[in-house]
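In: fold the following and give me the result.
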Amino acid sequence: MAEFTMPSLGADMDEGTLVEWLVGPGDTVAKGDVVAVVETAKSTIEVECFDSGSVSALLVSPGTTVPVGAPLAVIGPAAEPSVHTDAQQSTRPSPDFPPASVHAAAPADETVSTPLVRQLARRNDIDLSTVRGSGKGGQITRADVEEAVTRLPCRIPASPLARRLAQSMDVDLRQVRGTGRNGTVRADDVRAAAEHRAPRAHVRRPPVAAQATSPIRPSAGPGSSGARGPTARSAISALMSRANRDIPHYYLSTTIDLAAAMTWMLGRNANSPVEERLVPAALLLKSVAMAARQVPELNGHWKDDAFVPANDVRLGVAVSLRGGGLVAPALANADSLLLPELMKTLRDLVSRARGGRLRASETADPTLTVTNLGDQGVETVFGVIYPPQVALVGLGCVVEHPVAVDGMLTVHPTVTATLSADHRASDGATGARFLTALDRMLQRPEEL
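Out: Alright, predicted model coming up:
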């Protein structure tokens, strides 16, 4: 038997709210399968399972806030029948536990790849036998189910997160006015609808079994007191205050000539399909990641009063959320990704971050964070280090500046790159080596 626990999804996370189960007792899961949706102060995140086996019991009901490390479910051997406990009994269909979250039997269709796909199909009344799988060996993927959803007649346009929230908060999407593009219902629309409706007669309480094992309390839910924005700002405020208090920052800045990089990028884009064309941000992020590999003293974490270098580069990318606040999901192995692959991964990551569909593995332990405010017209940004990291890179917008080349004055595209670093882990000479390496990478864009 193994316990599936509330994961730590960031240095500032002490607790999380279980929004939805994507599996039920008796479902078979594999390591890496998405099994639950958890809301933190900053975002809503899809959480993967840490073990393979069969779901023996669900210990926590949706809407319950639990501390990091608290047991959420029990995972037993795949062949073992479900264990019936008082906590599991509480997950049977009731007004407090949405019926769509508790289907115990998996579909017989063996081409379905994960519990998330099965749950998504159930939630949208999709018959999987009518869906053609585009995955390996004909497996039905999440994208296949989402495409099938778009073909449903009289479909109310809504984001995936909005549908999840509407189900868990018992909100009828037909009664919600969408504020998104073409009237699409967004998560904030659902939260607002839940806040302004008449209060329900019942009060949600956590299962008895869960109360006995950890200090778990029911949450007011994603739609309570309106907004996640103030909550996210409070979380960011607490973490950044601690970072400014405990981390002795030093700051460096340099202006990088991008003439070679931009010329190479434009030439490459002219001979590439539209979906593989690059933007300057891709070159900048790849260069930062490669510089981090060359200067490992800035790529890692400060733990137990010592610097622990990371084995690979997990580049955190700061993303502003539409409802307020920031998240910094990680680009894994960013130094070794090909530029088109990095572009595709970045677009997907940013889209899912703003749609509340990040995975737990994408929020865990970035080794170096980049904040890029170029799209806002900012030329220079000095950031605050996100502990336990020891450095943060700031990138501004690409601007035309006068530069001297071979004794002649000309105008080139340039970018200002800054480094905020932890003086306990490195010094100015190390930071200067990093910025020099970053500049060197951008002068040889064909090697990126």
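
In: what are the phi and psi angles of the residue nearest in space to the middle of the chain?
Out: Nearest to the mean C-alpha position of the chain, counting by CA atoms, centre = their mean, stands Leu358 at 3.1 Å. Recorded main-chain torsions at Leu358 are phi -70, psi 150, according to degrees, to the nearest 10.

In: who touches it in this structure?
Out: Under the criterion of CB atoms under 8 Å, 6 or more residues apart in numbering, the contact list for Leu358 reads Ser43, Thr44, Ile45, Glu46, Val327, Pro329, Leu349, Arg352. No exception for glycine: its C-beta is placed from N, CA and C like everyone else's.

In: what secondary structure does Val35 sit in?
Out: The local conformation at Val35, judged by DSSP: H, G, I helix; E, B strand; the rest coil, is strand.

In: gap between it and Arg352?
Out: When distances are taken as CB to CB, to the nearest Å, Val35 and Arg352 turn out to be 17 Å apart.

In: of the two, which one has the most company?
Out: Residue environment comparison for Val35 versus Arg352 gives the larger neighbour count to Val35, 25 against 20, counting by other CB atoms under 10 Å.

In: wouldn't that one be in contact with Cys49 here?
Out: Yes. Distance between Val35 and Cys49: 4.7 Å, which falls inside the contact criterion (CB atoms under 8 Å).

In: secondary structure for the contacts of Leu358 - can I get that in a markdown table?
Out: Rendered in a markdown table, the data for the contacts of Leu358 read as follows (three-state DSSP):
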| residue | secondary structure |
| --- | --- |
| Ser43 | coil |
| Thr44 | strand |
| Ile45 | strand |
| Glu46 | strand |
| Val327 | strand |
| Pro329 | coil |
| Leu349 | helix |
| Arg352 | helix |
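
In: picking up where we left off before, what is in contact with Val35 and Cys49 at once?
Out: Phe4, Val29.

In: alpha carbons of the longest helix along the chain, as CSV, please.
Out: Longest helix in the chain by number of residues (criterion: DSSP state H): helix 228-246. Presented in CSV, the C-alpha positions along helix 228-246 are these (Å, rounded to 0.1, in the frame of the first residue of the first chain):
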residue,chain,number,x,y,z
ARG,A,228,-8.0,34.2,-6.0
GLY,A,229,-6.2,37.5,-7.0
PRO,A,230,-6.0,38.9,-3.4
THR,A,231,-5.1,35.4,-2.1
ALA,A,232,-2.3,35.1,-4.8
ARG,A,233,-1.1,38.5,-4.0
SER,A,234,-0.9,37.6,-0.3
ALA,A,235,1.1,34.5,-1.1
ILE,A,236,3.5,36.4,-3.4
SER,A,237,3.8,39.1,-0.8
ALA,A,238,4.8,36.7,2.0
LEU,A,239,7.3,34.8,-0.1
MET,A,240,8.9,37.9,-1.6
SER,A,241,9.1,39.6,1.8
ARG,A,242,10.9,36.5,3.1
ALA,A,243,13.2,36.5,0.1
ASN,A,244,14.1,40.2,0.5
ARG,A,245,14.7,39.7,4.2
ASP,A,246,16.7,36.4,4.1
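
In: hey, where'd the helices end up in the stretch 51-200 of the chain?
Out: Ranges of helices in the stretch 51-200 of the chain, per DSSP state H, counting those that start in this stretch, are 86-89, 115-123, 142-150, 160-168, 187-196.

In: the stretch 201-350 of the chain: helices as residue ranges?
Out: For the stretch 201-350 of the chain, helices defined by DSSP H, counting those that start in this stretch occupy the ranges 208-213, 228-246, 259-270, 280-294, 339-354.
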